[in-house]
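K.L.:
Dropping the sequence and predicted coords here.
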Amino acid sequence: MLRRNMLEVWGEAAYEKDFLTGSFLGRKQVMLNGPDAIRHVLVGNAENYRRNPATRRIVQPIFGNGLFLAEGEPWRFQRRTIAPAMAPRTLPIMARHVITASEAAEAKLALLTYRPIELLGHLQRLALDIAGRSMFSLEMSGFGEELRSLLMNYGIRYAQPRLLDLLLPEGMATPADRGRAAFREEWLAFLDRLIAYRLTLPSEEDRPRDLFDLLSTARDPETGAGFDHAQLRDEVSTMILAGHETTGVSLFWACYLAALYPDHQADLAAEADAADLSLNHAYASLPALPTNRAHIDETLRLYPPAFMLIRQAIEADIIQDHAIEKGTVITIAPWLLHRHRAYWRDPDAFDHTRFLPGATPPARFTYMPFGAGPRICVGAQFALTEATLVLARILKKFKIELSGNGAVLPRAIVTTQPDRPVRFVLTPR
Ligand code: HEM
C-alpha cells in the first residue's frame, strides 16, 4: 500500500488525532499531527532530528551534499550562503524567467484548444523550463529532453523505497543503491556539461541574471567562503529538482480546482485580466492578484505536494509526555494536518477565502506546505510567485474545463500526483 499510494495508509481516525504511533517493519513509528508536537520537532529541538536514512538513500544520487540533505555545520554554512540568493530582492529576476517560460508554454497550449489534453505533462514541462531558465538563463530546449529522460528513468526505477532500502542498516548498499550510484555518475556528467555550457554564455551586464550567477558568487556572510565546483553542482541539482516537480504538480491541482469551480474561475480570470502580467510588469502586479494567490494557498492546503516530512531522532527525547527512543522515525504529514478535523473549518471543502487578505490566518503549525522552522523550504517565496503568475497568465488566456467526469484522487508518489490521466479542454478567452 505504501508503494502504491501513501495516502491510503491513513484511516479516518488519523485526521482527528494529534499523535499517532504504529510499527512498520518492526520499528516504532511516530506521526505528529498537532501544532505543539510539530513545533517541538521542527523548531524547539530541531537539532535533535535529522533526515532519515531511507530518504538519504533515495535522494542522495540527485541532491548529493546539497542543502536538502546536509546536516549540522555544513548545512548551516550552505543555508547562510544560499539564503540571500533566494531573498525577496532576487524575485524580480526570477519572475522574468517565469514569464518568458510561461509565454512559450501558452503559445503551445494555444495550438491545442477545443480538444481534450492532458495538462499535467505541459505544466511539468513548464515548471522544469522555469527551473532551468531561472537557474541558467537557458531555454531548456537544448538540454531539457535529456534532463527529463534522466529524471524520468530515475523516478521509475529508484525513487520509491524498496523493502531492503528500509530494512538494511545505513551504510550497507542495497541492490537499488548500486543502480542509484550508476545513475549519479551519469547525472553528474550531465550537470558538468550543462554548467560548462552555461559558463560560455557571456554576461552583458554586471547584475546577476539568474540563480547560477547568484549561487556561484554567493559567500557565507560569516566566513566569506563560497562553493567549490562539486558543491555548487550539488546545490544547482538540488534547486532544480526540489523546485520543479513540486511546482508543476501544484499548478496541476490549481487548474483542476479552477475547473471544478467555474464561477470562481471567472473571478480569477477577471482579476488576471485587469493586471499587467507582461515581462516587465508581472512581478510588480503580484499585489493585484490576491484571489489568484489565495487560490494557490488553498490548493497547497488541499493537495500539498510534499505530503510528508520525515525525521529521525538522533537522541532520545520526550514529546508531549511521549518517550521517543533514539533512532525513532518521526513523520509529519501536511496532507493530514491540512485536513485535521479540529484545526480546520470544513476541512475537505475548497474555500480560497480562508487565504484572502483580511481572513484570519491559519493557526501556527497547522498549515505548512513548505515545512517550518530552520529547514523551511528555501524556495517558498519563489514557488508562490511562480505559481501565482503562471495560474493568472493561463486563466487570462484560456477557460479551463474538465473533459469527462469522475473524481480525481491524489496519489502520493514522490509528490501528490493525480491517480489517473486527467483531460482538460482549453478555450481561448
Ligand atoms: C510548491 C512548490 C514547493 C513545495 C510545496 C516545497 C516544499 C518543501 C518542503 C515541505 C520542504 C521542507 C522539507 C522538510 O522539512 O523535510 C522543502 C525544502 C526545500 N525546498 Fe522546497 N518546495 C517547493 C518549491 C521549491 C523551490 C522552487 C525550490 C528552489 C528553487 C525549493 C528548494 C528547496 C530546498 C533546497 C529545500 C531544503 C531546505 C533545507 O533543508 O534547508 N523548493 N520544500
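P.N.:
Perfect, thanks for sending it. Numbers count the residues shown, from 1 in each chain.
K.L.:
Can you tell me which residue sits nearest the middle of this structure?
P.N.:
The centroid of the chain falls nearest to residue 246 when counting by CA atoms, centre = their mean (3.1 Å).
K.L.:
ok, and it, which helix or strand is that part of?
P.N.:
Take DSSP states H and E as the rule and residue 246 turns out to sit in helix 229-260.
K.L.:
Name the nearest residue to the residue nearest to the centre of the chain, sequence neighbours excluded.
P.N.:
residue 305 (4.1 Å; CB to CB, 6 or more residues apart in numbering). Any C-beta I mention is one placed from the backbone N, CA and C, and that applies to glycine too.
K.L.:
so how far is the helix holding residue 246 off the chain centroid?
P.N.:
5 Å (CA atoms, centre = their mean, to the nearest Å).
K.L.:
Tell me how many other residues crowd residue 171.
P.N.:
6 (other CB atoms under 10 Å).
K.L.:
on that earlier part again, list the contacts for the residue nearest to residue 246?
P.N.:
For residue 305, the contact set (CB atoms under 8 Å, 6 or more residues apart in numbering) comprises 245-247, 249-250, 369, 415-416.
K.L.:
before we move on, what SS does it have?
P.N.:
Three-state call for residue 305 (DSSP: H, G, I helix; E, B strand; the rest coil): coil.
K.L.:
For it, give its distance to residue 124.
P.N.:
Distance of residue 305 to residue 124, computed by CB to CB, to the nearest Å: 12 Å.
K.L.:
Are there residues contacting both of these two? Which ones?
P.N.:
245, 249.
K.L.:
What residues does the stretch 301-429 of the chain have near the ligand?
P.N.:
Residues of the stretch 301-429 of the chain lying close to the ligand by CB under 6 Å from any ligand atom are 305-306, 309, 369-371, 375, 377-379, 382-383.
K.L.:
Quick check: the farthest pair among the residues you listed?
P.N.:
With CB to CB as the measure, no two of those lie farther apart than 309 and 382, at 19.5 Å.
K.L.:
Now the stretch 101-250 of the chain against the ligand: closest residue?
P.N.:
residue 243 (2.9 Å; CB to the nearest ligand atom).
K.L.:
Can you report how many residues lie near that residue?
P.N.:
Neighbours around residue 243, by other CB under 10 Å: 23.
K.L.:
Now the helix or strand where residue 180 lies: buried residues?
P.N.:
Secondary structure from DSSP H and E places residue 180 in helix 175-199. Neighbour-count burial for helix 175-199, with 16 or more other CB atoms under 10 Å as criterion, is recorded at 176-177, 180, 183, 187-188, 191, 194-195, 198.
K.L.:
Give me the neighbour count for the residue of the chain found nearest the ligand.
P.N.:
Nearest residue of the chain to the ligand, counting by CB to the nearest ligand atom: residue 379, 2.2 Å away. Residue 379 has 23 neighbours, counted by other CB under 10 Å.
K.L.:
any idea how far residue 122 is from it?
P.N.:
Counting by CB to CB, the gap from residue 379 to residue 122 is 21 Å.
K.L.:
With residue 143 instead?
P.N.:
Where residue 122 is concerned, residue 143 sits at a distance of 19 Å (CB to CB).
K.L.:
Compare neighbour counts for these two and give me the winner.
P.N.:
residue 122 (22 against 18).
K.L.:
in stretch 10-29, what's buried?
P.N.:
So for stretch 10-29, counting by 16+ other CB under 10 Å, buried means 14-15, 17-18, 20.
K.L.:
and residue 330, that's in a strand?
P.N.:
Yes. Counting by three-state DSSP, residue 330 falls inside a strand.
K.L.:
Report the contact partners of it.
P.N.:
Counted by CB under 8 Å, 6+ apart, residue 330 has contacts 30-32, 41, 49, 310-313, 324.
K.L.:
And the pLDDT for it?
P.N.:
Note for residue 330: predicted pLDDT of 95.
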